[in-house]
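Enquirer: Got a predicted structure here, sequence first:
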Amino acid sequence: MDNKRLLAAIAISIGILLMFDLWQRPAREAQRQAAQNVQQSQTSSVPLPQANTALNPAGVASTGGNDGAPTTPAPRLRIESARVEGSVNLRGARLDDLVLRDYRETIQPNSPNVRVLAPREDPAAYFAQWGWTAADGRTAVPGPNTDWTAEGTLTPTTPLTLRWNNGQGQRFEIALSLDQNFMVTAEQRVVNTGAEPVQVLPWARVRREHTPVVAGYYILHEGFVGVLDGRLRETKYADAKTEAARRNGAPALEQEGAGGWAGFTDKYWLAALAPVDQAGRDRAAFRHTSEGGQDRWQVDFSPVAPVAAAPGATAGFATRLFAGAKEVHLLDSYTSGLGITDFDKAIDFGWFYYITKPFFYGLDWLFKLTGNFGVAILLFTVALKILFFPLANKSYKSMARMKTLGPKMQELKERNKDDPAKMQQEMMALYKAEKINPAAGCLPILLQIPIFFSLYKVLFVTIEMRHAPFFGWIRDLSAPDPTNLFTLFGLIPWEAPAFLHMPAWAIIMGITMWIQFKLNPTPPDPIQAKLFGFMPIIFTFMLASFPAGLVIYWSWNNLLSVAQQYYIGREDRIARANEKALART
């Protein structure tokens with residue numbers, strides 16, 4: 001009875017998961033569409049009223065220059081490299097215009113390039129900014145609408161230096177340099193030519209003046225992220241808002257420590273700051289404010305204490321800004337080359353980090369050999385099969401023997417149907433005599449759980465898989481198979497609802513799973529037998545909305561398992577036939 005209750009509970013749980021998956025599909029589709037609309041809107045600017053106030057990261061009163069409402073267009077200088085293009089806004093020293101040349105919004109070749117940063121006038125305002133606070137209460141510092149002076153174009157070979165003179169003997173400078181990828185280094189300097197010492201607090205911030213549409217997946221973090229004082233910090237937008245309100249407007253998180261980095265992460269994109277001196281102690285903060293009923297989000301870094309510049313001296317603070325795609329090898333290179341602690345954790349590899357990341361390296365190596373991530377997944381699956389071959393082989397042999405013992409087991413069941421205890425005792429004696437482990441069939445499934453989840457994470461969170469084609473109709477392995485049985489795979493011009501999405505690869509996966517289950521021994525318990533009979537149908541519906549690459553992996557893995565089980569079953573039947581022939585002689 002306990003066994004039946006357990007199986008019934010499993011069946012109900014799977015049913016609930018299936019219903020939840022079907023219920024969530026329309027919401028996920030709507031979220032993806034909304035996110036795409038927001039991203040595409042970033043390619044064009046819609047003028048909004050200019051915001052004239054700047055959040056002071058240090059919480060110290062600021063004395064600024066040129067802080068009135070701007071009356072002329074903001075001066076800009078171009079940013080040009082092989083991988084990015086955009087401009088630096090000289091009004092307020094903001095990097096608020098950055099587009100990635102290597103990435104497009106959709107798989108269409110004429111789709112707009114992905115925009116990472118956008119100016120304050122844009123509905124999706126998102127920018128980085130550098131500034132100072134007058135810690136001594138008397139030094140005039142640049143404000144949010146200060147017009148800086150500079151000339152040239154920011155490229156990997158030509159840095160820029162922004163300058164502003166406060167007219168009191170201090171000159172403020174921001175030296176910007178760009179590497180070959182997505183990293184900008186900013187050196188903030190105050191040159192004191194006056195007769196009195198000054199104390200200022202330099203700061204750098206990344207500010208998001210809208211709440212982005214997030215994918216809303218439990219396994220994916222989007223929002224505030226950073227490694228501060230050696231610890232990974234992840235805070236969702238809603239949690240940051242709640243925490244800031246609980247603290248009466250104070251930062252949702254404030255951390256002092258050596259090195260680290262912090263910023264905002266989307267599924268594939270990151271804008272983050274990191275002090276150049278990873279050994280020095282700095283203060284980082286996650287902030288939320290509300291202006292005009294609109295949520296504002298901010299990450300900022302500053303020294304723990306103000307910097308002092310004596311007469312004739314220069315005081316500075318240097319930070320790095322990453323704004324671009326979360327490419328695994330690139331983030332790794334910044335960790336090893338620039339010493340940015342655990343920068344690869346900007347990618348949400350999840351609980352199985354030490355499995356998921358090696359999986360990515362293996363797939364990426366195979367991709368470089370084959371030129372196709374789909375083929376890499378197939379070869380990677382073969383490699384996993386070879387690695388786990390001894391365990392799986394033992395399991396499949398046990399299942400093959402159980403299948404041949406089916407008649408004997410049924411006979412025991414019929415003979416002891418009124419005495420369950422005796423039936424169980426004789427069944428265990430039969431298993432022992434035939435050297436069979438009845439739980440061996442579960443081993444391949446248990447082994448696949450971390451493998452399946454890790455591969456799912458690789459396909460879901462790594463940008464290298466984004467828009468990676470396979471063959472035929474699969475043009476993006478990280479997205480669901482676009483075909484649908486309910487439109488006869490495109491023959492019927494009908495937009496089927498999300499819960500009726502049944503793609504070709506999910507059907508192939510269901511068929512291969514059904515064949516695999518047919519090769520397994522029939523469970524003696526009828527409830528268990530019915531449950532296993534429905535499993536291929538349940539999994540077909542559940543995996544219909546999963547990334548195509550994952551469904552292809554599952555289908556191919558099933559085919560390899562079927563071949564292995566068939567071969568082992570055939571060998572077992574031949575061996576038993578030979579044993580019987582020898583016994584007769």
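Expert: Thanks, I have the structure now. This one's a predicted model, so the numbers in the text were calculated from it and none came from an experiment. Numbering: from 1, shown residues only.

Enquirer: My read is that Phe546 contacts Pro480, right?
Expert: Yes. Under the criterion of C-beta atoms under 8 Å, Phe546 lies in contact with Pro480, with a separation of 6.6 Å. Heads up, the C-betas are built off the backbone N, CA and C, glycines and all.

Enquirer: Counting neighbours, what do you get for Leu412?
Expert: By the measure other C-beta atoms under 10 Å, the count of residues near Leu412 is 20.

Enquirer: Contacts only, for it.
Expert: Listed by C-beta atoms under 8 Å, 6 or more residues apart in numbering, the contact partners of Leu412 are Met423, Glu426, Met427, Leu430.

Enquirer: any idea what the closest residue to it other than its chain neighbours is structurally, helix, strand or coil?
Expert: Across the structure, with C-beta to C-beta, 6 or more residues apart in numbering as the measure, the residue nearest Leu412 apart from its sequence neighbours is Glu426 (5.2 Å). The three-state assignment at Glu426 reads helix, by DSSP: H, G, I helix; E, B strand; the rest coil.

Enquirer: Look up how far Arg246 lies from Glu426.
Expert: Plainly put, Glu426 is 64 Å away from Arg246 if you go by C-beta to C-beta, to the nearest Å.

Enquirer: Could you do Met535 as well?
Expert: The gap separating Met535 from Arg246 is 46 Å, by C-beta to C-beta.

Enquirer: same thing with Val200?
Expert: If you measure Val200 against Arg246 using C-beta to C-beta, the figure is 31 Å.

Enquirer: Identify the residues contacting the residue nearest the centre of the chain.
Expert: When the chain is reduced to its mean C-alpha position, the nearest residue by C-alpha atoms, centre = their mean turns out to be Val461, at 3.4 Å. Applying C-beta under 8 Å, 6+ apart, one finds that Val461 lies in contact with Leu220, Lys267, Ile347, Asp348, Phe349, Gly350.

Enquirer: Could you export those to JSON lines, including columns for distance to Phe470 and pLDDT?
Expert: Below are the contacts of Val461 laid out as JSON lines (distance: C-beta to C-beta, whole Å; pLDDT from 0 to 100):
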{"residue": "Leu220", "distance to Phe470": "23", "pLDDT": "88"}
{"residue": "Lys267", "distance to Phe470": "21", "pLDDT": "93"}
{"residue": "Ile347", "distance to Phe470": "23", "pLDDT": "96"}
{"residue": "Asp348", "distance to Phe470": "24", "pLDDT": "93"}
{"residue": "Phe349", "distance to Phe470": "23", "pLDDT": "91"}
{"residue": "Gly350", "distance to Phe470": "24", "pLDDT": "85"}
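
Enquirer: Which of these ranks first by neighbour count?
Expert: Of the contacts of Val461, with other C-beta under 10 Å as the count, Ile347 tops at 26 neighbours.

Enquirer: That one contacts Lys326, doesn't it?
Expert: Yes. Counting by C-beta under 8 Å, Ile347 sits close enough to Lys326 to count as a contact (5.1 Å).

Enquirer: which residues are in contact with both of those two?
Expert: Taking C-beta under 8 Å, 6+ apart as the contact rule, Ile347 and Lys326 both touch Thr462.

Enquirer: where along the stretch 101-250 of the chain do the helices fall?
Expert: For the stretch 101-250 of the chain, helices defined by DSSP state H, counting those that start in this stretch occupy the ranges 237-246.

Enquirer: Just to check, Val299 is in contact with Gly263?
Expert: Yes. Between Val299 and Gly263 a contact is recorded at 5.3 Å, counting by C-beta under 8 Å.

Enquirer: Of those two, which one has the most company?
Expert: Val299 (27 against 23).

Enquirer: I'd like to know how far that one sits from Trp203.
Expert: 11 Å.

Enquirer: again with Lys385
Expert: Lys385 sits 54 Å away from Trp203, taking C-beta to C-beta as the criterion.

Enquirer: Have a look at those two and say which one is more surrounded.
Expert: The residue with more neighbours, out of Lys385 and Trp203 and counting by other C-beta under 10 Å, is Trp203; that gives 25 against 16.

Enquirer: Quick check: the more buried one touching Ala135?
Expert: No. With contacts counted by C-beta under 8 Å, Trp203 stays clear of Ala135, the gap being 11.0 Å.

Enquirer: got the CA positions of stretch 95-110 in PDB?
Expert: What follows is stretch 95-110, C-alpha atoms only, in PDB (Å, rounded to 0.1, in the frame of the first residue of the first chain):
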ATOM      1  CA  LEU A  95      28.900  57.000 -21.000                       C
ATOM      2  CA  ASP A  96      25.300  56.600 -22.200                       C
ATOM      3  CA  ASP A  97      25.400  55.400 -25.700                       C
ATOM      4  CA  LEU A  98      26.800  52.000 -26.500                       C
ATOM      5  CA  VAL A  99      25.800  49.400 -29.100                       C
ATOM      6  CA  LEU A 100      27.400  45.900 -29.700                       C
ATOM      7  CA  ARG A 101      28.400  45.300 -33.200                       C
ATOM      8  CA  ASP A 102      28.600  41.500 -32.900                       C
ATOM      9  CA  TYR A 103      25.100  40.900 -31.600                       C
ATOM     10  CA  ARG A 104      21.600  41.500 -33.000                       C
ATOM     11  CA  GLU A 105      18.300  41.500 -31.300                       C
ATOM     12  CA  THR A 106      16.900  38.500 -33.300                       C
ATOM     13  CA  ILE A 107      18.300  35.900 -35.700                       C
ATOM     14  CA  GLN A 108      17.200  38.100 -38.700                       C
ATOM     15  CA  PRO A 109      20.300  39.500 -40.400                       C
ATOM     16  CA  ASN A 110      18.800  43.000 -40.700                       C
END
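
Enquirer: In it, which residues are buried?
Expert: Applying a neighbour-count criterion of 16 or more other C-beta atoms under 10 Å, the buried positions in stretch 95-110 are Leu95, Asp96, Asp97, Leu98, Val99, Leu100, Tyr103.

Enquirer: Check the residues you listed against Asn166 and report the nearest one.
Expert: Each of these was scored against Asn166 by C-beta to C-beta, and Leu95 proved nearest at 22.2 Å.

Enquirer: Now do the SS call for the closest one.
Expert: Secondary structure for Leu95, judged by three-state DSSP, is strand.

Enquirer: got the contact list for it?
Expert: The contact partners of Leu95, taken as C-beta under 8 Å, 6+ apart, are Ile79, Gly86, Val88, Asn89, Leu117, Phe127, Ala128, Gln129, Leu176, Val184, Leu321, Ala323.

Enquirer: swap the cut-off to 6 Å and go again
Expert: Contacts for Leu95 were tallied using C-beta atoms under 6 Å, 6 or more residues apart in numbering; they are Val88, Ala128.

Enquirer: can you pull out the helices in this protein?
Expert: The residue ranges that make up the helices of the chain, judged by DSSP state H, are 2-41, 237-246, 328-338, 353-370, 373-387, 389-404, 406-415, 420-434, 442-461, 504-519, 526-542, 548-584.

Enquirer: Can you lay out these as CSV showing mean pLDDT and distance to Trp148?
Expert: Output for the helices of the chain, formatted as CSV (pLDDT from 0 to 100; distance: least, C-beta to C-beta, whole Å):
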stretch, mean pLDDT, distance to Trp148
helix 2-41, 47, 29
helix 237-246, 94, 31
helix 328-338, 96, 26
helix 353-370, 94, 41
helix 373-387, 91, 44
helix 389-404, 69, 65
helix 406-415, 71, 82
helix 420-434, 74, 80
helix 442-461, 77, 38
helix 504-519, 90, 54
helix 526-542, 80, 55
helix 548-584, 81, 47
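
Enquirer: Out of those helices, flag the one nearest Thr193.
Expert: Evaluated with C-beta to C-beta, the helices of the chain place helix 328-338 nearest to Thr193, the distance being 32.5 Å.

Enquirer: ok, back up a step: dump the buried residues of stretch 95-110 into TSV; add distance to Val551 and pLDDT as well.
Expert: Below are the buried residues of stretch 95-110 laid out as TSV (distance: C-beta to C-beta, whole Å; pLDDT from 0 to 100):
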residue	distance to Val551	pLDDT
Leu95	41	97
Asp96	40	96
Asp97	39	97
Leu98	35	98
Val99	33	98
Leu100	29	98
Tyr103	24	96
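
Enquirer: Adding distance to Asn372, write these out as CSV.
Expert: CSV is the format used below for the buried residues of stretch 95-110 (distance: C-beta to C-beta, whole Å):
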residue, distance to Asn372
Leu95, 36
Asp96, 38
Asp97, 35
Leu98, 31
Val99, 28
Leu100, 23
Tyr103, 19
